[in-house]
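Participant: how would this look folded up:
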Amino acid sequence: MSLFRLLIPLLPLLLNACAHVEQAPPGAAQPATPVATDRARAVPPSVPEATPLRAADPSRDVRDALPPIPTIDLTTPPDDLWQRMRNGFSMPDLDSPLVADRQAWYLNRPDLLKRIFERSRRYLHHIVEELEKRGMPTELALLPVVESSFNPLAYSSARALGMWQFIPATGKTYKLQQNAWFDQRRDIIASTDAALDYLQTIYEMHGDWHLALASYNWGENAVGRAVEKNRRMGLPTDYAHLKMPTETAYYVPKLQAIKNIVAQPQLFGVTLDPIPNRPYFGTVEVDNNMDIALAARLAEIPVEEFIALNPAYSRPVIPSAANSPLVFPADKVQVFLANLRKHEDQDKPLSAWLTHNLKKGEKLEAVAKRYGISPVRLKQLNGITARTKITPGYALLVPGKDAIGHDALAARLPQTPASPPKAVKPRKAGKGGGAAAGTRKAAPKPKKR
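Facilitator: Numbers count the residues shown, from 1 in each chain. Next up, the predicted model:
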């Protein structure tokens, strides 16, 4: 028998049950039947339907309460070189009492800071650009503050010379020429290139910028021995835990202090005058000897400005053997070239100075008399000291009849002293902003990149 036939007798009972369920119980109030009118449909309710309450969004509250995070647009070069430098700060910060000590030292000498930063304007753009080309931290551009107060003529008791303070041995390792005519340890372009090569080498040696900087001041071998000593004793081998001379212990804190001031000058009440983010100087290759006085005159700049940009030269003549470009303010490069063309078109000489090769048995006194100058002046012009070995064939610079202000100019040219200044034992607080008297030894020349 099918299931359908079995259910047929039960249908009346199911229908009766459904009717009882739908019918209201006795005595219950009947629900009012709503009457929809045109008026009711046209006029909206006077009280809107209640909207369910939502929990407050805590992330929205926090976001609204905090100031917006400043953004740095690295796709558009900043107008101010200081900001460009800040954008490239990437060395780990050092936080120690020595940093606070050096910070206070600099902040208590606002006039010194102002002079240093004013002097740096000539050189900073070039240094920052070279660091960026190599992918190096841009705070290294502030290292000359610690080394030389940005003075390319600085000379230390350890015979370290120039803005980056190279001793003779390290200078020779990095192909910086040094002779009586010029010293490339003072040359802005050559010494910067050598310093960054050296910093790269010692960073690759230690894998740590703080240890690399300690090596720059103390010597990479000395730092290596200090690291190894701590390793054997189970002590930390970072900069802060090494036993170092006082000067080296204060070296990185000095740089960190200057970095902090440059990073947030307003926090320290320091005003940093903006530096235009464009090259301060340009270069010109010259193939022949040229008088310094003539070069300055053709560029229409004071001799002092020429010397500040070309501090390597010790004689009134720029020798072509220096193989270094002349440096002029960027807006004076074309002025120099135009005036140089006019000068050469008139068949005028580039140098009024002569070279006299010393003959066998010839005395300096006889040479000086021949050219109308004193023996003392002849020695000064040629950097001759008691230690200088004079032999036949020695090339002496002597003035020609049209030499331009040879006495006055020679007195203003930078010289490498025969004897370095006496070493001053550093105080516990370090030397502050003066030139470092580093005793670093030469590192191997880095591979070409």
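Participant: can I assume residue 151 is in contact with residue 119?
Facilitator: Yes: using CB atoms under 8 Å, residue 151 is in contact with residue 119, at 6.7 Å. C-beta coordinates here come from the backbone N, C-alpha and C atoms, glycine included.
Participant: neighbours around residue 84, how many?
Facilitator: 21 (other CB atoms under 10 Å).
Participant: element containing it?
Facilitator: helix 81-87 (DSSP states H and E).
Participant: Give me the buried positions along the helix or strand just after that helix.
Facilitator: Per DSSP H and E, helix 81-87 leads on to helix 97-107 as the next helix or strand towards the C-terminus. Of the residues in helix 97-107, 98, 99, 101, 102, 103, 105, 106 count as buried by neighbour count, 16 or more other CB atoms under 10 Å.
Participant: which residues of the stretch 51-200 of the chain fall in helices?
Facilitator: 58-65, 81-87, 97-107, 110-120, 124-134, 143-148, 168-173, 188-206 (DSSP state H, counting those that start in this stretch).
Participant: and residue 355, which of the three is it?
Facilitator: strand (DSSP: H, G, I helix; E, B strand; the rest coil).
Participant: and it, what are its bridge partners?
Facilitator: Legend: beta-bridge partners of residue 355 under DSSP bridges are residue 397.
Participant: for it, what are its contacts?
Facilitator: Applying CB atoms under 8 Å, 6 or more residues apart in numbering, we find residue 355 in contact with 395, 396, 397, 398.
Participant: And the strands in this protein?
Facilitator: 281-284, 290-291, 317-318, 326-329, 353-357, 395-399 (DSSP state E).
Participant: ok, back up a step: could you say what helices and strands the helix holding residue 84 packs with?
Facilitator: helix 124-134, helix 251-263 (3 or more CB pairs under 8 Å, 6 or more residues apart in numbering; DSSP states H and E).
Participant: Any buried residues in it, and which?
Facilitator: 81, 82, 84, 85, 86.
Participant: Repeat that for stretch 358-370.
Facilitator: Buried residues in stretch 358-370 (16+ other CB under 10 Å): 358, 362, 364, 367, 368.
Participant: Tabulate those in TSV, adding columns for pLDDT and distance to residue 324.
Facilitator: Formatted as TSV, the buried residues of stretch 358-370 follow (pLDDT from 0 to 100; distance: CB to CB, whole Å):
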residue	pLDDT	distance to residue 324
358	93	26
362	94	31
364	94	29
367	95	28
368	93	30
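Participant: Which one of those residues is nearest to residue 377?
Facilitator: When these are compared for distance to residue 377 (CB to CB), residue 368 comes out closest, at 7.1 Å.
Participant: quick one: contacts for the closest one?
Facilitator: Residue 368 neighbours (CB under 8 Å, 6+ apart): 374, 375, 377, 378.
Participant: What is the burial count for the third one?
Facilitator: By the other CB under 10 Å criterion, the neighbourhood of residue 377 contains 18 residues.
Participant: low-confidence ranges in the stretch 1-150 of the chain?
Facilitator: By pLDDT under 70, the low-scoring segments of the stretch 1-150 of the chain are 1-75.
Participant: I'd say residue 182 and residue 319 touch.
Facilitator: Yes: between residue 182 and residue 319 a contact is recorded at 7.0 Å, counting by CB under 8 Å.
Participant: When these two are compared, which one has more neighbours?
Facilitator: residue 182 (25 against 19).
Participant: Tell me the pLDDT of that one.
Facilitator: Residue 182 is assigned 92 on the pLDDT scale.
Participant: Adding distance to residue 156 and neighbour count, write the contacts of residue 355 out as a markdown table.
Facilitator: What follows is these, written out as a markdown table (distance: CB to CB, whole Å; neighbours: other CB atoms under 10 Å):
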| residue | distance to residue 156 | neighbour count |
| --- | --- | --- |
| 395 | 30 | 12 |
| 396 | 30 | 20 |
| 397 | 28 | 22 |
| 398 | 33 | 20 |
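Participant: Closest one of the residues you listed to residue 192?
Facilitator: Nearest to residue 192 among the contacts of residue 355, counting by CB to CB, is residue 397 at 28.0 Å.
Participant: Spatially nearest residue to the most centrally placed residue in the chain (excluding sequence neighbours)?
Facilitator: By CA atoms, centre = their mean, the chain has its centre lying nearest to residue 141, at 1.7 Å. Closest residue to residue 141 apart from its sequence neighbours, by CB to CB, 6 or more residues apart in numbering: residue 127 at 4.4 Å.
Participant: Repeat that for residue 359.
Facilitator: For residue 359, the closest residue by CB to CB, 6+ apart turns out to be residue 392, at 6.3 Å.
Participant: Just name the most buried of the strands of the chain.
Facilitator: strand 317-318 (a mean of 26; mean count of other CB atoms under 10 Å).
Participant: Surely residue 116 touches residue 149?
Facilitator: Yes: judged on CB under 8 Å, residue 116 makes contact with residue 149 at a distance of 5.0 Å.
Participant: ok, so what distance separates residue 308 from residue 251?
Facilitator: Per CB to CB, to the nearest Å, residue 308 is found 26 Å from residue 251.
Participant: Ignore what I typed, I meant residue 217.
Facilitator: For residue 217, the distance to residue 251 - CB to CB - is 5 Å.
Participant: Count the neighbours of the residue found closest to residue 240 once you drop the neighbours it is linked to in the chain for me.
Facilitator: Using CB to CB, 6+ apart and skipping residues adjacent in sequence, the residue nearest residue 240 is residue 96, 6.1 Å away. By the criterion of other CB under 10 Å, residue 96 has 14 neighbours.
Participant: In contact with the residue lying closest to residue 302 once chain neighbours are set aside: list those residues for me.
Facilitator: Nearest residue to residue 302, sequence neighbours excluded (CB to CB, 6+ apart): residue 296, at 6.8 Å. Residue 296 makes contact with 302, 303, 305, 306 under the criterion CB under 8 Å, 6+ apart.
Participant: tally of neighbours for the residue nearest to residue 141?
Facilitator: Quick note: residue 127 (other CB under 10 Å) scores 24 neighbours.
Participant: cool, residue 401 as well?
Facilitator: 8.
Participant: pretty sure it contacts residue 352?
Facilitator: Yes: under the criterion of CB under 8 Å, residue 401 makes contact with residue 352 at 7.5 Å.
Participant: list the contacts for residue 392?
Facilitator: Neighbour list for residue 392: 358, 359, 360, 361, 362 [criterion: CB under 8 Å, 6+ apart].
Participant: Next, give me the two most distant ones among the residues you listed.
Facilitator: 358 and 361 (9.4 Å).
Participant: sorry, back to before: quick check, the residue nearest to the centre of the chain in contact with residue 129.
Facilitator: No: between residue 141 and residue 129 there is no contact under CB under 8 Å: 9.4 Å.
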